[in-house]
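Participant: Build the 3D model from these lines:
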Amino acid sequence: MAEYDLSKTIIPYLDRHLAFPLLAHLVETSLFPVEQVQAAQYELAKGTNMLDYAVSLFEQLHPDEEIPEEFSGKREKAVSTNERLQLEAQAVLDVIENPDVAQALRQDKNQNLQYLKDNYNLTLEQITVLYNFGQFQYTYGNYSGAADYLYHFRVLSTDNDLNTSAHWGKLASDILTGKWETALEELNTLRDVVDSRSPATLLTASAEPAALTQLHSRTWLVHWSLFVYFNHPQGRTLLLETFLSPTYLNTIQTSCPWILRYIATAAILSRKSAAGGTAASSRVRHSIREIVKVIQTEEYQYQDPVTSFLKELYVEFDFEAAQRELTLADRVVGDDFFLGEFREEFLDNARYLISEAYCRIHQRIDIGDLSERLNLSRDEGEKWIVNLIRETRMGAEAKIDLEKNVIEIHRSALPVYQSVIEKTRGLAFRTQALGTGMLHSPQQPQQSQPQPAVVEGAL
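Facilitator: Sure thing, here's the model as predicted:
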């Protein structure tokens with residue numbers, strides 16, 4: 001199933017340290033030759049200060065060759081740089097961790113900098129050492145230390161570009177240390193920073209237009225957020241809330257349509273709980289309907305067994321084709337770095353979707369036939385269907401006749417006014433979003449101006 005692997009597509013949008021877990025996963029799945037994956041790991045490791053890791057990879061790739069001399073020089077330089085930055089950073093920390101200083105600091109950063117300069121002769125340039133040391137800590141794999149130094153720097157610094165870079169670095173550090181609650185907070189903060197930057201605030205020396213800079217930043221943010229959304233307990237719901245919003249759905253359709261796999265999977269994973277009466281927003285409850293429309297629109301750009309499963313089920317109503325796509329999708333999800341641990345849950349929810357769609361267009365259903373469409377034996381299918389009816393709202397409409405081995409569906413007709421409500425649901429919100437977008441559309445500059453710089457994968 002290597003043709004459906006997205007690692008090579010996603011890695012260009014990640015910091016090199018975030019790419020290491022994906023490559024390690026490829027070694028475990030054996031989708032590609034181990035030697036190729038190790039070569040990719042080595043190329044990434046060479047650009048960091050994780051010299052011992054790079055050397056071990058070199059020895060695995062070239063067991064008969066001597067270790068290049070360049071590693072010795074890099075190690076000496078890394079040690080001396082670490083000692084120098086640690087001394088400089090510690091001098092700053094000694095000041096800001098002083099209880100009297102901590103009590104004197106306020107919300108106004110400019111006021112804080114003036115206070116530190118007047119009382120401790122501490123300047124913004126000296127505070128920037130915290131950023132430099134945090135960045136250096138990150139390059140050799142001390143992600144916890146990097147997060148601490150970048151946090152302290154961001155609290156005091158007034159440099160917007162470095163603060164944004166520190167946001168990216170802090171998010172990457174929290175992801176790599178597995179602190180998902182902290183990472184979610186950092187992700188939300190960084191998203192607010194990216195979304196709130198108007199073209200006027202993005203004008204820097206870059207050759208790219210401000211809107212394009214913001215699009216690139218959102219594209220990177222979408223890819224980084226996958227780590228958080230598929231590890232945080234509420235991540236799948238939060239992913240749907242974010243990615244199906246007009247701004248980020250437009251970003252995905254424009255820059256990274258392969259993210260549709262993860263939106264579709266999150267919608268499938270959330271469907272059964274939403275149907276069972278669990279509290280969920282309107283966007284989550286109707287996410288399947290919305291994502292199917294997007295899958296149809298973007299089919300010319302991207303499709304895989306996960307998106308094809310929804311298309312066959314909800315557009316073509318071809319249950320045999322949906323069954324075939326589900327068999328492939330099960331393997332694709334199992335091999336995917338972000339989705340692998342949800343394989344069983346995905347399959348269970350996908351079977352629920354098939355059952356729900358099948359029951360909507362039939363009033364009398366043979367349990368054996370439905371079990372076959374779910375890739376289950378007759379006994380397994382019977383147990384699964386009984387549990388499904390007991391756990392979801394289908395219990396109010398479906399009754400099982402075990403003597404005849406059939407399910408009887410008694411569905412009340414939907415009132416006309418309810419049909420109108422369903423058709424017009426979300427219309428007011430979309431109209432408001434459209435009006436807001438028109439009001440905030442950027443004006444064309446009257447003359448050439450300096451263009452924005454992209455802050456991507458800050459570290």
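Participant: residues near residue 42, how many?
Facilitator: 18 (other Cβ atoms under 10 Å). The C-beta positions use only the backbone N, C-alpha and C, and glycine is treated the same way.
Participant: Can you verify my assumption that it contacts residue 61?
Facilitator: Yes - look at residue 42 against residue 61 with Cβ atoms under 8 Å: they come within range, at 6.0 Å.
Participant: What is the distance between the strand or helix carrying residue 219 and the centre of its chain?
Facilitator: Taking DSSP states H and E as the criterion, residue 219 maps to helix 210-229. Its chain's C-alpha centre and that of helix 210-229 lie 9 Å apart, by Cα atoms, centre = their mean, to the nearest Å.
Participant: could you say what helices and strands the helix or strand following that helix packs with?
Facilitator: Once helix 210-229 ends, the next helix or strand along the chain (criterion: DSSP H and E) is helix 235-243. With contacts taken as 3 or more Cβ pairs under 8 Å, 6 or more residues apart in numbering; DSSP states H and E, helix 235-243 sits against helix 180-196, helix 210-229, helix 246-255, helix 260-275, helix 282-285.
Participant: okay, the angle between the first one and helix 210-229?
Facilitator: Here helix 180-196 runs at 170 degrees with respect to helix 210-229, directions being taken by axes from the mean of the first three to the mean of the last three Cα atoms, to 10 degrees.
Participant: CA atoms only for helix 180-196 - export them in CSV, please.
Facilitator: Presented in CSV, the C-alpha positions along helix 180-196 are these (Å, rounded to 0.1, in the frame of the first residue of the first chain):
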residue,chain,number,x,y,z
TRP,A,180,-0.7,17.2,24.3
GLU,A,181,-2.7,19.6,26.5
THR,A,182,0.1,22.2,26.4
ALA,A,183,0.5,21.5,22.7
LEU,A,184,-3.2,22.2,22.0
GLU,A,185,-3.0,25.5,23.9
GLU,A,186,0.1,26.5,21.9
LEU,A,187,-1.6,25.4,18.7
ASN,A,188,-4.6,27.6,19.4
THR,A,189,-2.4,30.5,20.3
LEU,A,190,-0.3,30.2,17.1
ARG,A,191,-3.5,29.8,15.0
ASP,A,192,-4.7,33.1,16.5
VAL,A,193,-1.4,34.7,15.7
VAL,A,194,-1.4,33.5,12.1
ASP,A,195,-5.1,34.4,11.5
SER,A,196,-4.9,37.8,13.1
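Participant: in that helix, what counts as buried?
Facilitator: For helix 180-196, the buried set under the neighbour-count rule, 16 or more other Cβ atoms under 10 Å, comprises 180, 182, 183, 184, 186, 187, 190, 191, 193, 194.
Participant: same question, the longest one
Facilitator: Of the residues in helix 210-229, 210, 213-229 count as buried by neighbour count, 16+ other Cβ under 10 Å.
Participant: Check which helices and strands that helix sits against.
Facilitator: Counting by 3+ Cβ pairs under 8 Å, 6+ apart, helix 210-229 packs on helix 160-176, helix 180-196, helix 235-243, helix 246-255, helix 260-275.
Participant: can you list the weak-confidence ranges in the protein?
Facilitator: Along the chain, the model assigns pLDDT under 70 to residues 197-208, 272-283, 285, 391-397, 411-414, 425-426, 429, 440-459.
Participant: which residue lies farthest from the center of it?
Facilitator: Here the chain reaches farthest from its C-alpha mean at residue 403, the gap being 48.4 Å by Cα atoms, centre = their mean.
Participant: my guess is it is in a helix, correct?
Facilitator: No - if the criterion is DSSP: H, G, I helix; E, B strand; the rest coil, then residue 403 is coil and not within a helix.
Participant: Mind listing the residues bridging to residue 409?
Facilitator: residue 398 (DSSP bridges).
Participant: Spit out the contact partners of it.
Facilitator: When contacts are counted by Cβ atoms under 8 Å, 6 or more residues apart in numbering, residue 409 touches 359, 362, 363, 364, 365, 397, 398.
Participant: Now for those residues: which two are most distant?
Facilitator: Distance extremes for the contacts of residue 409: the farthest pair is 364 and 397 at 12.8 Å, using Cβ to Cβ.
Participant: what does stretch 23-31 contact?
Facilitator: Contact with stretch 23-31 is made by 1-2, 5, 7, 11, 32, 34, 37-38, 40-41, 44, 335, 337, 340, as judged by Cβ under 8 Å, 6+ apart.
Participant: And the strands in the stretch 301-450 of the chain?
Facilitator: Secondary structure of the stretch 301-450 of the chain (DSSP state E, counting those that start in this stretch): strands located at 364-366, 398-401, 406-409.
Participant: more crowded one of residue 364 and residue 397?
Facilitator: A count of neighbours by other Cβ under 10 Å puts residue 397 above the other of residue 364 and residue 397, at 15 against 10.
Participant: Look up how far residue 41 lies from residue 13.
Facilitator: Counting by Cβ to Cβ, to the nearest Å, the gap from residue 13 to residue 41 is 18 Å.
Participant: Please enumerate the helices of the stretch 251-400 of the chain.
Facilitator: 260-275, 282-285, 287-297, 305-314, 319-335, 343-360, 367-373, 378-391 (DSSP state H, counting those that start in this stretch).
Participant: right, and the helices and strands packed on helix 235-243 - which one's nearest residue 295?
Facilitator: Between the helices and strands packed on helix 235-243, helix 260-275 lies closest to residue 295; by Cβ to Cβ that is 6.2 Å.
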